[in-house]
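K.L.:
got a predicted structure plus its sequence, pasted below:
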Amino acid sequence: MAKRILLINGVNLNLLGTREPDLYGSTTLPMVVEAAQKQCDALSVHLETMQSNHEGVIVDRLHDARGNIDAVVINPGAFTHTSVALRDALLGVEIPFIEVHITNIHKREAFRHHSYLSDKAEAVICGLGTYGYTAAIEFAVKNIQPKAK
């Protein structure tokens, strides 16, 4: 059975490539998604993607993923530091997840140092730029087993 990965990008990541390129680089979100799709195709992994600036939309998508997705790769953006709802949804659906951040959040403002998700994530990748998505998908493929349907 092919693994199924859901790639979620949260708040403001639709601006990737143009928002603070000195921090986040010039790679756009469509470029990230295209690279992730190529990586998954090469690994025979089914990839679904979504981006939303709305917390509830992300929560609803996680609920829909229950029983249909083996792993979540999530860059929650600023929701990392604020969203108990996102934490509860990830725990509630019982899908292993990898938390990704393009920048090293620990080298940034103090309020960015805390994550409501990290202590429950299978792995946390930060500071690798958009390569963090590649690393997260590779980790998920190698370390998270598909659930029997």
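P.N.:
Great, that's in hand.

K.L.:
going forward, measure contacts and count neighbours with C-alpha atoms only.
P.N.:
Will do.

K.L.:
which SS class is Y133?
P.N.:
Using DSSP: H, G, I helix; E, B strand; the rest coil, the structure places Y133 in helix.

K.L.:
once you drop chain neighbours, what's closest to Q39?
P.N.:
Using CA to CA, 6 or more residues apart in numbering and skipping the chain neighbours, the partner closest in space to Q39 is T134 (7.6 Å).

K.L.:
could you pull out the strands in this protein for me?
P.N.:
4-9, 46-51, 71-75, 97-101, 123-126 (DSSP state E).

K.L.:
output those strands in CSV; the columns should cover mean pLDDT.
P.N.:
Output for those, formatted as CSV (pLDDT from 0 to 100):
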stretch, mean pLDDT
strand 4-9, 98
strand 46-51, 98
strand 71-75, 98
strand 97-101, 97
strand 123-126, 96
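
K.L.:
redo these as JSON lines? Include distance to P30 and mean neighbour count.
P.N.:
Shown next, in JSON lines, are the strands of the chain (distance: least, CA to CA, whole Å; neighbours: other CA atoms under 10 Å):
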{"stretch": "strand 4-9", "distance to P30": "11", "mean neighbour count": "23"}
{"stretch": "strand 46-51", "distance to P30": "10", "mean neighbour count": "17"}
{"stretch": "strand 71-75", "distance to P30": "14", "mean neighbour count": "26"}
{"stretch": "strand 97-101", "distance to P30": "17", "mean neighbour count": "25"}
{"stretch": "strand 123-126", "distance to P30": "20", "mean neighbour count": "18"}
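
K.L.:
so which of those gets nearest Q37?
P.N.:
With CA to CA as the measure, strand 46-51 is the member of these nearest Q37 (6.5 Å).

K.L.:
give me the helices and strands touching that closest one, please.
P.N.:
Applying 3 or more CA pairs under 8 Å, 6 or more residues apart in numbering; DSSP states H and E, one finds that strand 46-51 contacts strand 4-9, helix 29-42.

K.L.:
contact partners of it?
P.N.:
Here strand 46-51 makes contact (CA atoms under 8 Å, 6 or more residues apart in numbering) with 2-11, 13-14, 33, 36-37, 40, 58.

K.L.:
try 10 Å
P.N.:
Strand 46-51 is contacted by residues 2-14, 29, 33, 36-41, 57-58, 61, 65, 69-76, 137 when judged by CA atoms under 10 Å, 6 or more residues apart in numbering.
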